[in-house]
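Enquirer: Could you work out the structure for the sequence below:
(chains A and B)
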Amino acid sequence: MKILSIKLEATRDAYGRALLYLGEHNPAVVVLDADLSKSTKTAVFAAKYPERFFNIGISEADLVGTACGFALAGLKPFASTFAIFATGRAYDQVRNSVAYPHLPVVIAATHAGLTVGPDGGSHQSLEDIALMRVLPHMQVWVPADGEEAYQMILAAAKEAGPVYVRLGRQPVPNVSPLGYNFVPGKAVTYGQHGDVVLIACGVMVAEALKTAHSLREQGISCQVINMSSIKPLDTAVLDQAAAASRLIVTIEEHQKAGGLGSACLEYLALHSRRPPVLVIGVEDVFGQSGEPYELLDHYGLTAESITAKIMAQLSSHGGQIAHCQTK
Amino acid sequence: MNTVILKEKAQEMRRLIVESIAEAGSGHPGGSLSLVEIMSYLYFFEASLHESDPLWPERDRIILSKGHAAPVLYAALACRGYLPTEEVLTLRKLGSRLQGHPDMRKLPGVEMSTGSLGQGLSIAGGLALGLRLQKKPQRVFAILGDGELQEGQVWEAALTAAHFKLHNLTAIIDNNGLQIDGATNDVKSLHPIVEKWQAFGWQTVTVDGHSYHDLYRGFRSQRDERPLAIIARTTKGKGVAYMENVADWHGKAPSKEQSRQYLETTGGEDIVD
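Expert: Numbering: from 1, shown residues only, chains lettered A, B, ... in the order given. Next up, the predicted model:
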């Protein structure tokens, strides 16, 4: 089990770093923004490669459509704005002009989830994974830290089809293993098989690692999985989790409906040896203003809350879980 | 420009439109027929294209933003040799390359999948920017309906194209004055349509969309650094007497009997038999 390092970086900052690398090494890369370049960190690219940066202004539908045009011209567009606008405001454009014609557009959306913080519920995208995941051709990647975000952006530049990358505003601890190499459809596992398997994505991976630590202190063995590639999903790691654990827990900074938990359940539903699955996420409510960590706490997404939910689950359904396992 | 040949192409395209929609039993004849001269002008005169190499890098790009007019696009592509003429009879059928709205992944020659209105001008603008960035001289033509101009994204894209001075971009507005629910003036007026484009920073020219000489005048306007909007005054359902200027023919298929009559009166051969 890797100890959390103290390095903090927001995944949006890593996005900016990755764009600088691509700017130098991939002449086909162009970057588009909708008047949020300082926040999305595309301004970093714009400062160095102004001829390949296009500020489309406050018009997200046009942002996505223009990116499609660049793709048709043989270039590799990265389109950025906040997740709430990229996936909500421009949903039809993403569906019909990006996903349907299978264009190699990367939608790198920042400020996803509750951890946007004080901007409040209107800006906290808690539905974007669901919205993007249901689109054929669309890959959905959610980095847990800066290192993974950096690698995802480089990987996205090589994809022949559309990719949605969900980035955050808030600095997060580095949780990626040394020498980690992101591969679409391949999860990162921490620890050996245990009674409980915690499957998380994005900023929740750090909370899952903290949760695992406190569960172990209470004598419960557990494994943590960073399911950063929600689509394609790492089904092999789900097979292992189903076979070896008493309880699977999914954790996401997103509505419970339609996100990581749903993706895992859709696969596990017909699994012959499936243990119970506890889905932890936002409970069908909108967010509100607050500091990022306050909000995670308020909506039950800190390690402390997650641990309590798991302990309650284990104690209330312990017998049943054991029964399932022995069948 | 040989208008005799263009008129022959137009007549052939009209027959293909009527017959393919009748065979499909559904589709959009009115707004397909209003575009016949514009599309034949583009596909047989104005645009540089290679039917034997649909992805020829030096081709001009034609984006049919009003994707429901797919039958006129298929008719143009068929007449130009991108697909066998008889294939237009597979329009809207299961497994066909000729989807109800154009699908670039199914039919070579379709530059972009369209159908959800209001999106094509953004795409054409991005394409024009991308070509210019790569110092390529090819031009981009986007074909929009007038009812389509009620979509807000069109005006986002209009601002963008003017801001980036996309003089390699031309928008053609099929100004037939009708949309599904009636006259655009009654549903939601676009008046004054020319001044709107001018106010958004576009060069404009108004033409008779059924006159090749007028289309030539419009397309060959003296260009400055602005994108060009050609407002083409057209007649919905043009060429099929009972469809002309009748909003109801926006999205209704003629019967096979009506199709046969049309073919007979225009001297065409029924390709069904």
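Enquirer: Which secondary structure state is assigned to B:Met13?
Expert: With DSSP: H, G, I helix; E, B strand; the rest coil as the basis, B:Met13 sits in helix.
Enquirer: excluding its backbone neighbours, what's nearest it?
Expert: Excluding its sequence neighbours, the residue lying closest to B:Met13 (C-beta to C-beta, 6 or more residues apart in numbering or on different chains) is B:Ala75, at 3.9 Å. In short, each C-beta sits where N, CA and C put it, glycine included.
Enquirer: Now do the contacts for the residue of the stretch 151-300 of chain A found nearest chain B.
Expert: Residue nearest to chain B within the stretch 151-300 of chain A: A:Gly161 (10.9 Å; C-beta to the nearest C-beta). Applying C-beta atoms under 8 Å, 6 or more residues apart in numbering or on different chains, we find A:Gly161 in contact with A:His102, A:Leu103, A:Pro104, A:His137, A:Met138, A:Gln139.
Enquirer: Please report the distance of whatever residue of chain A ends up closest to chain B from B:Leu83.
Expert: Using C-beta to the nearest C-beta, the closest approach of chain A to chain B is made by A:Gly69 at 2.0 Å. A:Gly69 is 25 Å from B:Leu83, where distance means C-beta to C-beta, to the nearest Å.
Enquirer: When these two are compared, which one has more neighbours?
Expert: Between A:Gly69 and B:Leu83, A:Gly69 has the larger neighbour count (other C-beta atoms under 10 Å in any protein chain shown), namely 32 against 19.
Enquirer: what bits of the stretch 151-273 of chain B have low per-residue confidence?
Expert: For the stretch 151-273 of chain B, the stretches with pLDDT under 70 are B:268-273.
Enquirer: Within range of chain A, give me the residues from it.
Expert: Residues of the stretch 151-273 of chain B that fall close to chain A, judged by C-beta under 8 Å from any C-beta of the partner chain: B:Gly152, B:Gln153, B:Glu156, B:Ala157, B:Leu159, B:Thr160, B:His163, B:Phe164.
Enquirer: The fourth one: how many residues sit nearby?
Expert: When you say that, I think you mean B:Ala157. Neighbours around B:Ala157, by other C-beta under 10 Å: 35.
Enquirer: what helix or strand does it sit in?
Expert: helix B:152-163 (DSSP states H and E).
Enquirer: ok, residues contacting that helix?
Expert: Residues from elsewhere that reach helix B:152-163 (C-beta under 8 Å, 6+ apart): A:56-57, A:59, A:61-62, A:65-66, A:93, B:118-119, B:121-122, B:124-125, B:128, B:144, B:148-149, B:169, B:171, B:197, B:200-202, B:226-227.
Enquirer: From the residues you listed, which land in strands?
Expert: B:Leu144, B:Leu169, B:Ala171 (DSSP state E).
Enquirer: what sits against the first one?
Expert: Read it as B:Leu144. B:Ser65, B:Lys66, B:Gly120, B:Leu121, B:Val154, B:Ala171, B:Ile172, B:Ile173, B:Asp174.
Enquirer: Give the buried residues for the helix or strand the residue of chain A closest to chain B falls within.
Expert: Taking DSSP H and E as the definition, A:Gly69 sits inside helix A:60-72. Neighbour-count burial for helix A:60-72, counted by 16 or more other C-beta atoms under 10 Å in any protein chain shown, picks out A:60-72.
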